[in-house]
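> Need a 3D model of the following:
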Amino acid sequence: MAEQQQDSSNPPLQGHLALITGATGGIGSCISHLLASLGSSLALHYNSDEQTASALQTSLQSKYARQFGSEFKAYQADMARYDDVRHMHQDITSTQGAPTILINNAGSTGGHSGVQSVGEVSIEAFERTWRINCGSAYLLTQLCVPAMEEKGWGIVIFVSSVAGITGGIIGPHYASAKSALHGMVHWLANAYAKKGITVNGIAPALIEQTKMLPGSNEELSKSMYCLLTIPIGRLGTPDEIAETMLWMIKTGYVTNKVIAVDGGMFPQ
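Numbering: from 1, shown residues only. Modelled structure (predicted):
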């Protein structure tokens with residue numbers, strides 16, 4: 001788990017509220033700890049794993065609440081249901097205030113992976129996967145940006161996938177939803193750069209301790225596929241994705257970028 005030692009007298013994100021979707025996953029949990037270590041309060045979204053969300057909230061509370069006066073709360077929402085997303089945002093703003101940092105991290109393969117034929121994914125499954133990976137991220141951004149504009153400062157990060165660049169190995173439903181995020185990053189970044197809001201994306205590939213990989217992480221990390229496909233010769237870690245997000249958050253001159261974090265598989 002990624003954690004940092006900071007000067008408690010001057011935490012750079014104290015007073016800010018970060019909304020992290022998919023906070024109970026490997027990447028979401030790591031970025032939660034990193035942002036909390038910088039003094040940020042957190043709104044932690046989860047879909048169904050209430051037990052893990054509660055444990056994450058408790059862990060953050062014990063480590064950072066007294067040190068920074070931060071607040072950590074978990075909120076449930078099905079990201080395939082837009083009404084759930086609206087209600088979650090309303091609950092967050094009424095309970096903790098308006099987020100100034102939005103990490104659109106929630107994602108899903110829709111139960112289909114390793115798709116070989118376009119006929120394998122129904123239009124219903126396609127649309128549901130798109131809502132989870134892209135539509136709800138757009139809706140949350142739409143809901144959060146006005147408060148960022150008012151404050152003259154904000155950060156939006158979309159967690160995409162290398163599948164959005166290359167097509168990947170999961171399927172057309174997932175690849176198309178992730179590639180749509182890239183276009184959204186570019187439009188939003190251009191529209192809001194002069195209003196103090198930076199917008200970026202991260203496109204990870206083959207990250208261990210996530211639910212996006214076929215088979216077990218241990219089997220894949222030792223396989224010839226991993227050794228031959230990834231120049232670095234290993235899977236990436238959630239901590240490495242979280243650290244890339246942190247760079248984007250702390251560096252105000254970075255916007256309109258989609259950064260592939262993939263062990264060197266695909267030069268950009």
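> Report the separation between the residue nearest to Leu206 when sequence neighbours are not counted and Phe266.
The shortest distance from Leu206 to any residue other than its chain neighbours is 5.2 Å, reached at Leu235 (Cβ to Cβ, 6 or more residues apart in numbering). From N, CA and C alone the C-beta is placed, and that goes for glycine too. Leu235 sits 15 Å away from Phe266, going by Cβ to Cβ, to the nearest Å.
> Between these two, which is the more surrounded one?
Under the criterion of other Cβ atoms under 10 Å, the comparison of Leu235 against Phe266 puts Leu235 first, with 21 against 12.
> Retrieve the pLDDT associated with that one.
Model confidence at Leu235, given as pLDDT, is 85.
> Backbone dihedrals for it, both of them.
phi -80, psi 150 (degrees, to the nearest 10).
> just checking, it touches Thr229?
No - counting by Cβ atoms under 8 Å, Thr229 is not a contact partner of Leu235; they are 10.5 Å apart.
> intersection of neighbour lists for those two?
Common contact partners of Leu235 and Thr229 (Cβ atoms under 8 Å, 6 or more residues apart in numbering): Leu206.
> Mean pLDDT per helix and strand in this protein: which one sits at the bottom?
Here the helix or strand of the chain ranked lowest by mean pLDDT, DSSP states H and E is helix 217-222, holding a mean of 49.
> Show me what counts as buried in the helix ranked longest in the chain.
In the chain, taking DSSP state H as the definition, the longest helix is helix 172-192. Neighbour-count burial for helix 172-192, with 16 or more other Cβ atoms under 10 Å as criterion, is recorded at 172-182, 184-185, 188-189, 192.
> Tell me which residue is most central in this protein.
Asn105 (2.0 Å; Cα atoms, centre = their mean).
> What separation do you get for it and Ile241?
In terms of Cβ to Cβ, Asn105 sits 9 Å off from Ile241.
> swap in Ser117?
Plainly put, Ser117 is 31 Å away from Ile241 if you go by Cβ to Cβ.
> Give me the more crowded residue out of those two.
Neighbour totals were compared for Ser117 and Ile241, and Ile241 leads with 25 against 8 (other Cβ under 10 Å).
> what helix or strand is the more buried one on?
helix 238-250 (DSSP states H and E).
> packing partners for that helix?
Here helix 238-250 touches helix 26-37, strand 154-159, strand 197-204, strand 257-261, going by 3 or more Cβ pairs under 8 Å, 6 or more residues apart in numbering; DSSP states H and E.
> The last one pairs with which strands, parallel or anti?
Right, the one you point to is strand 257-261. strand 197-204 (parallel) (DSSP bridges).
> What is the helix or strand Arg128 falls within packed up against?
Assigned by DSSP H and E, Arg128 belongs to helix 123-130. On a contact count with 3+ Cβ pairs under 8 Å, 6+ apart, helix 123-130 meets helix 172-192.
> Let me know the angle separating the helix it packs on from strand 197-204.
160 degrees (axes from the mean of the first three to the mean of the last three Cα atoms, to 10 degrees).
> mean confidence score for helix 172-192?
Across helix 172-192, pLDDT averages out at 97.
> any weak-confidence spans in the protein?
Low-confidence segments of the chain (pLDDT under 70): 1-10, 209-228, 268.
> Go again with 90.
Applying pLDDT under 90 to the chain picks out residues 1-12, 109-115, 162-163, 165-169, 205-236, 262-268.
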